[in-house]
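Chemist: sequence and computational prediction follow.
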Amino acid sequence: MSKTSAAPDHKSKEAYFTATQGQLIWARFKRNKSAMAGLVVLATLILSGLFAPFLTPYDPTVAGRDMSYLNGAPQIPRMWDENGFSWRPFVYTTKRTRSIKTNFRWVTVVDKKARRYLTFLPKGDPYKLFGMHLRTHLFGVDKGKIHLFGTDAAGKDIFSRTFHAINTSLAVGTIGVFLAFVLALIIGGISGFYGGITDSVLQMLTDSIRTVPAIPLFMALAAFVPPEWSAEARFFFISTILGLIGWPTLARRVRTHLLTERNQDYVLAARLSGASAAHIIRRHLLPSFTSYIIVDLVISFPYMVLSETALSFIGLGLKDPVNSLGVMLQNVTKADVLLNYQWYFIPVIFFIVLVLAFVFVGDGLRDAADPYSDNKS
């Protein structure tokens, strides 16, 4: 074998043996195509939710946004029709009218001769993004309104509502996961490090929390929530409750790891050096478990989003005017939606894609964090 071919091989082996734990996890993660695809989709959805006020043309909380297009079908921009070609994308103008043919019911009539041309970076509804007060949106039309995903019964733009709902559901999941993460590290760390009666008491508390059924708990809490609570107060209430009941699983894993590591030589050396228990747990024991904690956090996210969505879907979680995926899914429970307004199911597609992206990324991280995954058949 030539020296030129041996040199790169030697460098790759040296890089492998000198790589940090994070670098090794990332190298194994990149080889998982489904996980990488899930990461790209997840990053796209997260960024879409964060920049939703800019990416969407209208404020999603304003009812009656377009009273002339109630329960309107999606408007797909086009560049040509039977009237000719246009360099500027356009949608048709619509209006509501009554006629004898429809027994004087309100119907939406499309005027194909009146075009509404797309405009980019127009001024529109004011919004706040990262502390800045802005009015510029990504797109709009030169006159009237545009609804890429259609409208609901109140005239709200479903496109705007969907992207704001993604941001809200992710925010609820973030707060819930963070609270559960902190509680799990504290309770699991103390339980695993001290053991004995402390461990027994904390495990009794953990088992008690795990046996509490979530749905009956929220039904009981919903009965005591004051009706005058604001949407923000209800938002933080749901997030807090999800976090308070979501920590036992991670706490048990942290406890198990610390029980096996607390008698290692490096822990004994730290004790002899006068380090406190909090310092040993924070600086020595938990870092050795970092990769598994990160994996557990990522996997916990879809369960938090699912919990928020399920609770809002059955009316125990967030409610209008808050836009979340669960709130939007409430609209698809009506029988006439499936028959006449199929575009109400568009947020369902985003919800499924979001959960699947979390699952693929979580599975990829779990396999990448397993040091024996390369040896598995």
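Modeler: Received it, and whenever you're ready, just let me know what you need. Note that the structure is a prediction, hence the values are computed from the model and not measured. Numbers count the residues shown, from 1 in each chain.

Chemist: which SS state does residue 133 fall under?
Modeler: Counting by DSSP: H, G, I helix; E, B strand; the rest coil, the backbone at residue 133 sits in strand.

Chemist: measure the closest residue to it other than its chain neighbours to residue 62 for me?
Modeler: Spatial nearest neighbour of residue 133, chain neighbours left out: residue 126 (6.5 Å); criterion: CB to CB, 6 or more residues apart in numbering. Bear in mind the C-beta positions are built from the backbone N, C-alpha and C, glycine included. Distance, residue 126 to residue 62, using CB to CB, to the nearest Å: 12 Å.

Chemist: same question, residue 305
Modeler: 26 Å.

Chemist: with neighbour numbers in mind, choose between these two.
Modeler: Using other CB atoms under 10 Å, the more surrounded residue of residue 305 and residue 62 is residue 305, with 26 against 15.

Chemist: buried sites along the lengthiest helix in the chain?
Modeler: With secondary structure taken from DSSP state H, the chain has its longest helix at helix 158-194. Going by neighbour count (16 or more other CB atoms under 10 Å), the buried part of helix 158-194 is 158-173, 175-177, 179-181, 183-193.

Chemist: can you pull out the low-pLDDT segments for the chain?
Modeler: 1-19, 63-66, 98-107, 231-232, 315, 371-377 (pLDDT under 70).

Chemist: now the strands for it?
Modeler: 78-81, 84-97, 107-120, 123-129, 132-136, 139-141 (DSSP state E).

Chemist: hang on, the earlier thing: and the angle for the longest helix of the chain with strand 123-129?
Modeler: With axes from the mean of the first three to the mean of the last three CA atoms, to 10 degrees defining the directions, helix 158-194 sits at 10 degrees from strand 123-129.

Chemist: run the chain-centre distance for helix 158-194.
Modeler: From the chain centre to the centre of helix 158-194 is a distance of 10 Å (CA atoms, centre = their mean, to the nearest Å).

Chemist: cool, stretch 76-87 as well?
Modeler: Stretch 76-87 sits 36 Å away from the centroid of its parent chain (CA atoms, centre = their mean).

Chemist: and stretch 109-127, which residues are buried?
Modeler: 115, 116, 118, 119, 124, 125, 127.

Chemist: ok, the spatially closest residue to the first one that is not a sequence neighbour - contacts?
Modeler: Put plainly, it is residue 115. Here the nearest residue to residue 115 in space, its sequence neighbours aside, is residue 90; by CB to CB, 6+ apart that works out to 4.2 Å. Residues near residue 90 by CB atoms under 8 Å, 6 or more residues apart in numbering: 77, 78, 79, 115, 116, 117, 118.

Chemist: try it again at 10 Å.
Modeler: Taking CB atoms under 10 Å, 6 or more residues apart in numbering, we find residue 90 in contact with 75, 77-81, 114-118, 141-142, 146.

Chemist: neighbours around residue 217, how many?
Modeler: Neighbours of residue 217 using other CB under 10 Å come to 14.

Chemist: correct me, but it touches residue 245?
Modeler: Yes - between residue 217 and residue 245 there is a contact under CB atoms under 10 Å: 7.1 Å.

Chemist: hmm, back to that, can you lay out the strands of the chain as TSV showing distance to residue 224?
Modeler: Below are the strands of the chain laid out as TSV (distance: least, CB to CB, whole Å):
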stretch	distance to residue 224
strand 78-81	52
strand 84-97	43
strand 107-120	43
strand 123-129	32
strand 132-136	37
strand 139-141	44
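
Chemist: of all the ones you listed, which lies closest to residue 288?
Modeler: Proximity to residue 288 (CB to CB) singles out strand 123-129 among the strands of the chain, at 39.7 Å.
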